[in-house]
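Colleague: coordinates only, sequence not included:
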């Protein structure tokens, strides 16, 4: 499974846009890129997933360049409640290798 | 909405006790997973199951066993609890949809303390 690298921590202020970049140099052809969010004392929660170019949902946007060796999670106008750990994962979700590898994640601290 | 529930949010056990952690999902998912999460180490996969009565070892299976007698239920068993098994335990499930990019849905976690 492809290894991912992302910043350990980031700080932001309410109302700002936050971009978290994840490197995945060894991504395979069939791999998707998935981001999870985790609040303290809760299980991770799926945010967004993409394969190439740009994906947007009601929570975030995901930008993936043509070479797919990195991706950027974009959170528009963050609020204090967006303070959490964000995990970037790559994998193909197949039945035999359906396990995901969670790295350290990026701890986002949103300040007033 | 997918719902994954875990039998306890907090559990305190003594060294040597046998501990059962239960997980139930209500979306008819084929895959179920048990992770543990420790500060500085992220989530680590203990065991997963892709079908009833089927199980596969994850990255850290030592000291644990699992049971999947019914599709919706996946149990993690600590045969003889030790203090180094104090951790947050997270259960997850996912659908064998046949397509790439399958996602996992997590339960709220069980914080286990072994004294």
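Modeller: Structure received. No experiment lies behind these values; they were computed from the predicted model shown.
Colleague: from residue A:4, how far off is the residue nearest the centre of chain B?
Modeller: In chain B, the centroid-proximal residue (C-alpha atoms, centre = their mean) is residue B:34; its distance is 2.5 Å. Distance from residue B:34 to residue A:4, counting by C-beta to C-beta, to the nearest Å: 22 Å. In this view, the C-beta of every residue, glycine as well, is placed from N, C-alpha and C.
Colleague: same deal with residue A:24?
Modeller: Distance from residue A:24 to residue A:4, by C-beta to C-beta: 5 Å.
Colleague: next, show the common contact partners of the two.
Modeller: The contact sets of residue A:24 and residue A:4 overlap at A:88, A:90 (C-beta atoms under 8 Å, 6 or more residues apart in numbering or on different chains).
Colleague: quick one, strands of the chain?
Modeller: Reading this off chain A. With DSSP state E applied, chain A shows strands at A:9-13, A:18-23, A:32-38, A:45-50, A:53-56, A:61-64, A:70-75, A:84-91, A:106-111, listed in chain order.
Colleague: wrong one, I was asking about chain B
Modeller: So, for chain B - with DSSP E - the strands run B:4-6, B:10-13, B:19-25, B:31-38, B:42-51, B:54-57, B:64-70, B:73-78, B:87-94, B:105-106, B:110-114.
Colleague: helices or strands up against the last one?
Modeller: In other words, strand B:110-114. Packing contacts for strand B:110-114, counted by 3 or more C-beta pairs under 8 Å, 6 or more residues apart in numbering or on different chains; DSSP states H and E, involve strand B:10-13, strand B:19-25, strand B:87-94.
Colleague: could you pull out the buried residues of the shortest one?
Modeller: Of all the residues in strand B:10-13, those buried under the rule 16 or more other C-beta atoms under 10 Å in any protein chain shown are B:11, B:13.
Colleague: and it, does that touch chain A?
Modeller: No - for strand B:10-13, no contact with chain A is found by C-beta under 8 Å from any C-beta of the partner chain; the gap never falls below 9.8 Å.
Colleague: adjacent strands (with direction) for that strand?
Modeller: Strand pairing for strand B:10-13, using DSSP bridges, gives strand B:110-114 (parallel).
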